[in-house]
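Trainee: Could you work out the structure for the sequence below:
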Amino acid sequence: MKLRSLLKLLPALAASIAWLGATQAWATDPFPSKPVKILVGFSPGGSNDVVARLIAPKLAEGLGAQVVVDNRPGAGGNIAASAMLAAPADGHTLLMCTTGTLSIQPHVLKSMPFDPEKDIVPVTQVTNAPYMLMVNATLPVKSVKELVAYAKQKPGEINFASSGTATGGHLAGEMLKTRAGIDIVHVAYKGTGQAMTDLLAGQVSMIFDQPVSSMQYARSGKLRALAVASARRLTAFPDIPTVMEAGVPDFEPVTWAGICAARNTPPAIVERIQREVAKVLAMPEIAKRLAADGLEPVGSAPEQFRAFLVADKRKWGRVVKDADVKAE
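Mentor: Reported below is the predicted structural model:
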């Protein structure tokens with residue numbers, strides 16, 4: 001080959017060498033290469049925050065890197081979701097995704113700051129979480145029937161807290177309002193922690209919340225657990241009846257929490273995170289702790305979680321329509 005022809009090939013050869021070098025560097029830089037952050041869209045003390053902090057230490061052991069829980073409360077979880085999407089899509093920034101953010105708000109808001117179906121990658125469902133109906137202990141009711149009767153005597157005077165507009169707790173309260181025929185007023189907070197503070201102080205009367213963040217107050221006598229919003233009583237709390245047992249029909253606003261990643265996160269990284277989270281949820285001490293708090297561990301594969309989200313979004317769409325919930 002002539003010298004001139006060889007010279008013409010040099011740029012292509014140099015590009016090939018550079019590409020191979022970059023490929024080798026990528027291959028030797030396994031995930032994770034830095035701390036992994038789980039963004040929680042609600043204030044500390046809420047159920048999603050509690051679950052994230054429960055699994056984080058064991059997940060860190062499995063991944064071989066620090067796992068940090070970072071609270072970004074506001075907008076029903078959309079602030080945290082937007083923060084995740086603004087970070088590199090490399091699996092190092094994850095979202096504790098929730099029913100409100102992905103299944104409810106698309107039916108309520110005129111426009112979302114992101115596309116839940118295109119921009120969010122389902123990694124794994126972490127828990128199923130039925131709500132518990134809690135009231136301040138000073139409220140003179142000891143059952144759902146007494147609560148309904150009391151609310152009918154004082155229309156518009158009883159208020160209920162939630163971790164934000166268009167969250168599962170908000171919709172559960174709206175469901176009770178319409179199906180029991182009572183007039184109660186919604187008060188939205190930036191997270192369950194803030195809502196619980198005002199509930200304990202008597203600034204609000206009631207809340208639908210997961211047991212993981214509220215049963216401690218019922219045990220101490222500060223709150224009173226009236227009912228669980230599920231099809232059957234919880235194993236951990238067999239003495240607490242369901243809302244449907246009180247005569248409120250078809251009342252089962254069970255919610256969930258999951259781990260999600262940003263669009264374009266490499267599938268291998270998504271699968272690695274799912275495997276490690278599933279291992280954590282299968283640990284006896286973790287499963288026992290979740291069950292004690294009325295939560296069901298899941299750990300589903302990404303494709304299973306995606307199919308679940310499609311069905312769940314359809315279900316909550318009907319609830320939003322029936323309750324006529326509007327964005328505030």
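Trainee: In this protein, where is pLDDT below threshold?
Mentor: For the chain, the stretches with pLDDT under 70 are 1-29, 328.
Trainee: any idea where the helices of it begin and end?
Mentor: Here the chain has its helices, by DSSP state H, at 3-27, 47-63, 78-86, 99, 105-108, 144-153, 168-180, 192-201, 211-219, 267-282, 284-292, 302-323.
Trainee: For Pro130, find the nearest of those.
Mentor: helix 211-219 (8.2 Å; C-beta to C-beta). Glycine gets a C-beta too; all of them are placed from N, C-alpha and C.
Trainee: re the thing from before, comparing the helices of the chain, which comes out most buried?
Mentor: helix 99 (a mean of 27; mean count of other C-beta atoms under 10 Å).
Trainee: now for that one, which elements pack on it?
Mentor: Contacts defined by 3 or more C-beta pairs under 8 Å, 6 or more residues apart in numbering; DSSP states H and E place helix 99 against no helix or strand at all.
Trainee: Tell me how far it lies from the chain's centre.
Mentor: Mean-position distance between helix 99 and its chain equals 6 Å (C-alpha atoms, centre = their mean, to the nearest Å).
Trainee: does Ala52 really touch Cys97, like I thought?
Mentor: No. Here Ala52 lies out of contact with Cys97, judged by C-beta atoms under 8 Å, at a distance of 11.0 Å.
Trainee: I'd like the helices of the chain laid out as CSV, including distance to Thr127.
Mentor: Putting the helices of the chain into CSV (distance: least, C-beta to C-beta, whole Å) gives the following:
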stretch, distance to Thr127
helix 3-27, 34
helix 47-63, 6
helix 78-86, 17
helix 99, 11
helix 105-108, 20
helix 144-153, 24
helix 168-180, 13
helix 192-201, 15
helix 211-219, 9
helix 267-282, 8
helix 284-292, 6
helix 302-323, 12
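Trainee: Cys97 against Ala261, yeah?
Mentor: No. Counting by C-beta under 8 Å, Cys97 stays clear of Ala261, with 9.4 Å between them.
Trainee: Name the residues contacting each of the two.
Mentor: Residues touching both Cys97 and Ala261 (C-beta atoms under 8 Å, 6 or more residues apart in numbering) are Ile120.
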